[in-house]
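Enquirer: would you be able to build a 3D model of this:
(chains A, B, C and D)
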Protein chains: 2
Amino acid sequence: MGATRAPVDKTTRQDLILRLISERDLGTQQGVAEALADEGVEVAQATVSRDLAELGVLKVGSRYLALPHDPGSAGIEVLPSFVLGIVQAQNQVVIHTRDGTAGAVSSVLDRVRGLRILGTIAGQDTVLAIAQNDEAAEEVAGLIADVCRAKTRPAGNVE
Amino acid sequence: MGATRAPVDKTTRQDLILRLISERDLGTQQGVAEALADEGVEVAQATVSRDLAELGVLKVGSRYLALPHDPGSAGIEVLPSFVLGIVQAQNQVVIHTRDGTAGAVSSVLDRVRGLRILGTIAGQDTVLAIAQNDEAAEEVAGLIADVCRAKTRPAGNVE
DNA sequence: GATATTTATTCAAGTTCTTGGATATTTCCG
DNA sequence: CGGAAATATCCAAGAACTTGAATAAATATC
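Expert: Sure, this is the predicted structure:
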């Protein structure tokens, strides 16, 4: 009877957080906590803070961005130092990078969750990202610009 | 003071176990415990038992075999049902498999630790494994044969 | 620069994890 | 079949982890 409230362990909750922040447009830990509550998982803001830190989620402008944790690859934090310019045309985004870094940049883009990117192609100093549609491309371009402008402030210190 | 005995957490110890059983030729949990002790890590046999189970280490004949835990891929337990024949020539091993399963078999071989395999090539029903040298090839061939003969008894039940 | 908002940290309690010793169970071999 | 060897499991104690409430610190806004 009543609501079904499974205990939900930490890992499950963190996976859910990743999904939520890529689906909805969440910008505060309180908002994340509420979104979790919608899904039947109730936690305090303190817990969300720790979760975001552990997940390596970034906050760009007023939006959380999840980059799957992959210690072996470059993270989104390299973008500011690699990206030289961004141009959007229809559903495409052309990113000019420092020579030799296009591959790393495209790899990062491929791995950011929640971006509707169909695929990327990297040359030596240029990345072409094909988005789902014009709007998605706009979002991608704006996002990269934001990341490069804002000094990519991490959402957590982690231990 | 005296010997430097870092506490060593479970993960570190298990990584060490994987390394030890692929380097040395260990066949009993007591032996593993002693090898660990050599490296300055002292644990009881009970702990080794649990570690091997968690790591998914197999015992083939009188030797432990480590297959990196990868829930997304086939495990060594598929070999008996896929492998039809094994032939060794010099530093090469040719494995005949059921049609369509050569890729899975080669993937498994690529992931078994401690085998001195330089690389594998898979067709539709044939895998060619190139070993470091003749002796290594012999070992590989013998191992596969063992795995297929012995009904691949897992070294642990896990939780 | 003062206040409001957002995020991080401290503290304490409850829970889970980890591990060795002892012992049961299984496997091996003659 | 009957030990002996090897492995798994039970139990208890201690360590480590998880989390919310409270609060501090940082950031944003006017």
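
Enquirer: use CA for all of it now, contacts and neighbours both
Expert: Noted.

Enquirer: which residues does stretch A:34-46 contact?
Expert: Residues outside stretch A:34-46 that contact it (Cα atoms under 8 Å, 6 or more residues apart in numbering or on different chains) are A:4, A:5, A:7, A:8, A:13, A:16, A:17, A:20, A:29, A:30, A:33.

Enquirer: check the most centrally placed residue in chain A and give its pLDDT.
Expert: In chain A, the centroid-proximal residue (Cα atoms, centre = their mean) is residue A:65; its distance is 2.6 Å. In this prediction, residue A:65 carries a pLDDT score of 84.

Enquirer: about what we covered before: of all the contacts of stretch A:34-46, which two lie farthest apart?
Expert: Based on Cα to Cα, the longest span within the contacts of stretch A:34-46 runs between A:4 and A:29 and measures 23.9 Å.

Enquirer: who's more crowded, these two?
Expert: Using other Cα atoms under 10 Å in any protein chain shown, the more surrounded residue of residue A:4 and residue A:29 is residue A:29, with 18 against 7.

Enquirer: show the contacting residues for that one.
Expert: Residue A:29 sits next to A:45, A:48, A:49 when contact means Cα under 8 Å, 6+ apart.

Enquirer: highest neighbour count among the residues you listed?
Expert: Compared across the contacts of residue A:29, residue A:48 has the highest neighbour count, 21 neighbours, by other Cα under 10 Å.

Enquirer: what's near enough to touch that one?
Expert: Counting by Cα under 8 Å, 6+ apart, residue A:48 makes contact with A:29, A:32, A:33.

Enquirer: now do the SS call for residue A:27.
Expert: With DSSP: H, G, I helix; E, B strand; the rest coil as the basis, residue A:27 sits in coil.

Enquirer: who does the nearest residue to it once chain neighbours are set aside form a beta bridge with?
Expert: The spatially closest residue to residue A:27, leaving aside those adjacent along the chain, is residue A:63, at 4.6 Å (Cα to Cα, 6 or more residues apart in numbering or on different chains). According to DSSP bridges, the partner residues bridging residue A:63 are residue A:60.

Enquirer: enumerate every residue touching residue A:63.
Expert: Taking Cα under 8 Å, 6+ apart, we find residue A:63 in contact with A:25, A:26, A:27, A:28.

Enquirer: what's the closest non-adjacent residue to the residue nearest to the centre of chain A?
Expert: Excluding its sequence neighbours, the residue lying closest to residue A:65 (Cα to Cα, 6+ apart) is residue A:58, at 5.1 Å.

Enquirer: and that neighbour, how far from DNA strand D?
Expert: 13 Å (Cα to the nearest atom of the strand, to the nearest Å).

Enquirer: I figured that residue was touching residue A:64, is that so?
Expert: Yes. Counting by Cα atoms under 8 Å, residue A:58 sits close enough to residue A:64 to count as a contact (5.6 Å).

Enquirer: ok, back up a step: just name the closest of the contacts of residue A:29 to DNA strand C, please.
Expert: residue A:49 (4.1 Å; Cα to the nearest atom of the strand).

Enquirer: quick one: buried residues of the longest helix along chain A?
Expert: Identified as the longest helix of chain A according to DSSP state H is helix A:134-149. Across helix A:134-149, burial judged by 16 or more other Cα atoms under 10 Å in any protein chain shown covers A:134, A:136, A:137, A:138, A:139, A:140, A:141, A:143, A:144, A:145, A:147, A:148.

Enquirer: so can I have TSV of those residues showing distance to DNA strand D and pLDDT?
Expert: Output for the buried residues of helix A:134-149, formatted as TSV (distance: Cα to the nearest atom of the strand, whole Å; pLDDT from 0 to 100):
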residue	distance to DNA strand D	pLDDT
A:134	27	87
A:136	24	85
A:137	25	88
A:138	22	85
A:139	20	82
A:140	21	87
A:141	21	88
A:143	16	83
A:144	17	86
A:145	16	83
A:147	13	78
A:148	15	76
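
Enquirer: widest-spaced pair of these?
Expert: Counting by Cα to Cα, the most remote pair of the buried residues of helix A:134-149 is A:134 and A:148, 21.2 Å apart.

Enquirer: over to residue A:86. Which of the three states is it?
Expert: strand.

Enquirer: contacts only, for it.
Expert: A:93, A:94, A:95, A:96, A:141, A:144, A:145.

Enquirer: just to revisit the earlier point, nearest to residue A:80 among the buried residues of helix A:134-149?
Expert: residue A:148 (4.3 Å).

Enquirer: any idea how far residue A:101 is from that closest one?
Expert: To residue A:101, residue A:148 is 15 Å away according to Cα to Cα, to the nearest Å.

Enquirer: now swap in residue A:9 and tell me
Expert: Taking Cα to Cα, one finds residue A:9 at 39 Å from residue A:101.

Enquirer: before I go, just wanted to say thanks for your time.
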